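> Dropping a prediction and its sequence here:
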2 protein chains.
Amino acid sequence: MKYIEKLRNSGLRPTKQRLQICEVLFDTETTFHFTINDLANKIKRQLNHKISLATVYNTVHAFEKKGYLKQIPINSNQTYFDTNISDHHHFYDLKEEKLIDLENSDVGPIKILKKIGGKKIKSVEVLVKLED
Amino acid sequence: MKYIEKLRNSGLRPTKQRLQICEVLFDTETTFHFTINDLANKIKRQLNHKISLATVYNTVHAFEKKGYLKQIPINSNQTYFDTNISDHHHFYDLKEEKLIDLENSDVGPIKILKKIGGKKIKSVEVLVKLED
DNA sequence: CACTTTTTTAGAATCATTATAAAGTAGACT
DNA sequence: AGTCTACTTTATAATGATTCTAAAAAAGTG
């Protein structure tokens, strides 16, 4: 199985649950956005059995820490994650409450002119809110 | 009192609590970032009495809806607000867990090349994460 | 297999936020 | 000032996402 190596290399034991979550997250044509709840439902639908919610939380956080998922900075009562870990941005459709990817190439280059002493820029994320 | 008009013009009755919250929020040299909890504490400290937490929530949301406050898009267990309602951005210092303003003039112009049919851009917000 | 460490799990705990509904207040009109 | 109505405030309860707990299960090692 192709995810066993990946997990081992990250120092994560390739357990049944983690491998199944990998399938649901990464065996897809396209990347997608999700909340923990979305993911738990998708797992149940797709694998026909449930994985404990605590495990889903643990796994998503572990994957995020390892860089296999990204959190999307947006204000919502739930946390949104993205399986697209490339350097990119988001539209947020306020009416539909839906996120849409915005590739880096669709945003002109961003220059941050202000510097903060002793700190390095880790990421630059753009959120474009849309209305009708 | 200078906030009475402002509130009335927004269709908000100028109640004692709202006026006091206006003082705490807007009678300052500089703008600032806060969570509801920060604000509730600041009120208690500065006015020497408490305003019900529910009222603080109600008022902050009312002010945000009217455009007197902005929510800052960031992932945290609490919601961050900003009394700086000018078009600007933020640094987020991951180590200190602190927000720092980033004026529009400190960010090169941002061009959003992708268009979404029937939707207008309401805002463009940049979050720059900082590490050591 | 025996042993240690990590992981999973159900359920409880936490904590920010929102809802409720009763009491208080503002504004308008006499 | 008094009356009326609609809006506000308030304490408290309810909600709901997330985290914690600690016991059972599974993985890795020899």
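Sure, I can see it.
> Give me every residue in chain A that's in contact range of chain B.
A:71-75, A:79, A:91, A:93-94, A:100, A:102-103, A:105-114, A:116, A:118-132 (C-beta under 8 Å from any C-beta of the partner chain). Backbone N, C-alpha and C define where each C-beta goes, glycine included.
> out of the residues you listed, which are inside strands?
A:71-72, A:91, A:93, A:100, A:102-103, A:120-131 (DSSP state E).
> Find the residue ranges of chain A scoring beneath the pLDDT cut-off.
A:1 (pLDDT under 70).
> residue with max distance from the center of it?
Distance from the C-alpha centroid of chain A, by C-alpha atoms, centre = their mean, peaks at A:Gly117 (30.0 Å).
> Would you check how far apart it and B:Asp93 are?
11 Å (C-beta to C-beta, to the nearest Å).
> do A:Val60 as well
In terms of C-beta to C-beta, A:Val60 sits 24 Å off from B:Asp93.
> neighbour count winner among those two?
A:Val60 (22 against 16; other C-beta atoms under 10 Å in any protein chain shown).
> wait, isn't that one in contact with A:Ile36?
Yes - contact criterion C-beta atoms under 8 Å: A:Val60 and A:Ile36 qualify, at 6.2 Å.
> Find residues that contact each of these two.
Both A:Val60 and A:Ile36 are in contact with A:Phe81, where contact means C-beta atoms under 8 Å, 6 or more residues apart in numbering or on different chains.
> which residues touch the residue nearest in space to the middle of chain A?
What sits nearest the mean C-alpha location of chain A, by C-alpha atoms, centre = their mean, is A:Asp82, with 2.3 Å. By C-beta under 8 Å, 6+ apart, the contact set of A:Asp82 is A:31-33, A:69-72, A:99.
> What's the local residue count around the nearest residue to A:Glu125 once chain neighbours are set aside?
Nearest residue to A:Glu125, sequence neighbours excluded (C-beta to C-beta, 6 or more residues apart in numbering or on different chains): B:Leu127, at 4.9 Å. Counted with other C-beta under 10 Å, residues neighbouring B:Leu127 total 21.
> Which positions are bridged to B:Leu127 in the beta structure?
Beta-bridge partners recorded for B:Leu127 (DSSP bridges): A:Glu125, B:His90.
> check contacts around it.
A:73, A:124-127, B:73-74, B:89-90, B:92.
> could those go into TSV alongside distance to DNA strand D?
Putting these into TSV (distance: C-beta to the nearest atom of the strand, whole Å) gives the following:
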residue	distance to DNA strand D
A:Pro73	13
A:Val124	23
A:Glu125	18
A:Val126	22
A:Leu127	17
B:Pro73	15
B:Ile74	13
B:His89	24
B:His90	21
B:Tyr92	17
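> Please indicate which of these are buried?
For the contacts of B:Leu127, a burial check counting by 16 or more other C-beta atoms under 10 Å in any protein chain shown picks out A:73, A:124-127, B:73-74, B:89-90, B:92.
> quick one: A:Lys111 and B:Ser76, what's the gap?
27 Å.
> ok, now A:Asp101?
23 Å.
> just A:Glu97 next, same as before
A:Glu97 is 19 Å from B:Ser76, by C-beta to C-beta.
> Of the two, which one has the most company?
Neighbour totals were compared for A:Glu97 and B:Ser76, and B:Ser76 leads with 14 against 8 (other C-beta under 10 Å).
> Run through the residues that contact the more buried one.
Per C-beta under 8 Å, 6+ apart, neighbours of B:Ser76: none.
> next one: the one 3 residues further on
Contacts of B:Thr79 were listed using C-beta under 8 Å, 6+ apart, and they are A:75, B:35-36, B:71.
> can you narrow these to ones near DNA strand C?
B:35-36 (C-beta under 7 Å from any atom of the strand).
> quick revisit: which of the residues of chain A next to chain B are buried?
By 16+ other C-beta under 10 Å, the residues of chain A next to chain B give A:72-74, A:79, A:91, A:93, A:100, A:102, A:106-107, A:110, A:112, A:119, A:124-130 as buried.
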